[in-house]
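Novice: I would like the atomic coordinates for the input below:
(one chain, ligands or ions: 1)
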Amino acid sequence: MNIHKFVMPEVIFGNASIQQVGESCVRLGATNVFIVSDPGVMEAGWLDVIVRSCRQAGLSYTTFHDITINPKDKEVEKGCRIYLENECDAVIGVGGGSSIDVAKAIAILVTNGGRIHDYEGVDKIRYPLPPQVMVPTTAGSGSEVSQFSVIVDTEAEKKMTIISRSLIPDIAIIDPETLSTKSPHLTASTGLDVLTHGIEAYVSLAATPLTDVHAKNAISLVAEYLRPSVASKMNLEAKINMAMACLQAGLAFSNAILGAVHAMSHAVGGKYNLLHGAVNSILLPHVMEYNLLANPKKFADIALFLGVDIRGMSNMEAGNKAIEHVKQLTMDIGTPQRLADIGVEKDQLKRMSVSAFHDTCMITNPRDVTIEDIEELFRKAW
Ligand SMILES: [Fe+2]
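Specialist: Residues are numbered from 1 along each chain as shown. You can find the predicted model right below:
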């Protein structure tokens, strides 16, 4: 039998768990924390909650929120300078994947030095990172439990995927109540990112029984709860279940890695400042169609997890139903259907195909791909 490895942080999950952030940092030995958030998190009031919790725990703190969606290398460098100037000794990331990925990237630079570009790829980090506590507020990226950080290389106009066990936060605090301040638009796109994590992890070449169980639950929860979560900010049952879906999808993909959807989406996100989940959702059905041949049984399982009655169907038929089901979900919640609709230019597809081919996430895609195959997929999605 193959050796299976499964890594994850301490997880604190539940309503009002955000109040435990200060105490969690103290448990890790922190005295002076660096809090990374973004303007949306501040506006929603969650930064104030974090600051209050840190004060109550007797911590000094510095806040940093100078970041954008698809966070950039320069933002990480600026954050690193401020962290060092203020002699901080731990990081808190609060918000969506951008805040959390920047918090992790700053943690790399403050103890390892150099530029963030030096750490692109797998296991390039040499020295231990400061304590990391992450508080997601979007139910999307899963970065709070993952060994990933994705940062834009602004010169090369591409996303760098950094993968290392050092990037698994010490503590992930997941409070479903934070999801009540998200817009329906953001809920839809981040929810489809969760679905993409579940599906790509389930069919990944690095999937194991330990990742499959989390991927399966994540897919089923999204199928049941994403529509009601988009429909109502106040549907707490839907929010709790989407937060759980995000957590489980994060555990699955952190350990099984991803596939062509994320490799291609990273290439798009390096050039265009678009919502990661919206790009994924356009690419996902096309990539599923392409990958179906590689593992029809697993795609039939996905149909089952999505709630399709697959009795009497061949695995290929059931797999095709899964693809239809995913397309229907994206239409029901109103996310964009074509890359052209969100501003991607046709003359960029070739260049982005080369970039996607070299993305770390492509290594675990279940079907072999060439640069020409990727370009064909981009054209279908355009
Ligand atoms: Fe993602």
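Novice: Excluding residues flanking it in the chain, which one is nearest the residue nearest the centre of the chain?
Specialist: Central residue of the chain (Cα atoms, centre = their mean): Ser141, 2.2 Å from the mean position. Distances taken as Cβ to Cβ, 6 or more residues apart in numbering place Gly97 nearest to Ser141, at 2.7 Å, with adjacent residues excluded. All C-beta atoms are positioned from the backbone trio N, CA, C, and that covers glycine.
Novice: surely that neighbour meets Ser143?
Specialist: Yes: at 4.7 Å, Gly97 counts as touching Ser143 under the criterion of Cβ atoms under 8 Å.
Novice: Met134 belongs to a strand, doesn't it?
Specialist: Yes: looking at Met134 with DSSP: H, G, I helix; E, B strand; the rest coil, it is inside a strand.
Novice: Dihedrals phi and psi, Ile171?
Specialist: Taking degrees, to the nearest 10, you get phi -140, psi 130 for the backbone angles of Ile171.
Novice: and for Gly97 and Ser143, which residues touch both?
Specialist: Listed as contacting both Gly97 and Ser143 by Cβ atoms under 8 Å, 6 or more residues apart in numbering are Pro136.
Novice: More neighbours: these two, which one.
Specialist: Taking neighbours as other Cβ atoms under 10 Å, Gly97 and Ser143 compare with Ser143 leading, 30 against 26.
Novice: Quick check: pLDDT value at the more buried one.
Specialist: On pLDDT, Ser143 comes in at 91.
Novice: how does this protein divide into domains?
Specialist: Domains of the chain are assigned by automatic domain parsing as 10-178, 182-381.
Novice: now the first one, how far from the centre of its chain.
Specialist: Here domain 10-178 is found 14 Å from its chain centre; the criterion is Cα atoms, centre = their mean, to the nearest Å.
Novice: How is Lys233 assigned, secondary-structure-wise?
Specialist: Secondary structure, three-state DSSP: Lys233 is coil.
Novice: Tally up the residues packed near it, please.
Specialist: Lys233: 16 surrounding residues under other Cβ under 10 Å.
Novice: Can you give me the neighbour number for the residue nearest to it when sequence neighbours are not counted?
Specialist: Closest residue in space to Lys233, ignoring its immediate chain neighbours: Ser180 at 5.2 Å, by Cβ to Cβ, 6+ apart. Ser180 has 14 neighbours, counted by other Cβ under 10 Å.
Novice: so how far is His65 from Ser180?
Specialist: To His65, Ser180 is 21 Å away according to Cβ to Cβ, to the nearest Å.
Novice: returning to that earlier point: name the SS class of the residue nearest to Lys233, please.
Specialist: Of the three states, Ser180 takes helix under three-state DSSP.
Novice: That one against Ala238, yeah?
Specialist: No: Ser180 lies out of contact with Ala238 (Cβ under 8 Å); the separation is 10.4 Å.
Novice: Which parts of the stretch 151-300 of the chain are helices?
Specialist: Under the criterion DSSP state H, counting those that start in this stretch, the stretch 151-300 of the chain contains helices at 184-203, 209-231, 236-256, 260-271, 276-291, 296-305.
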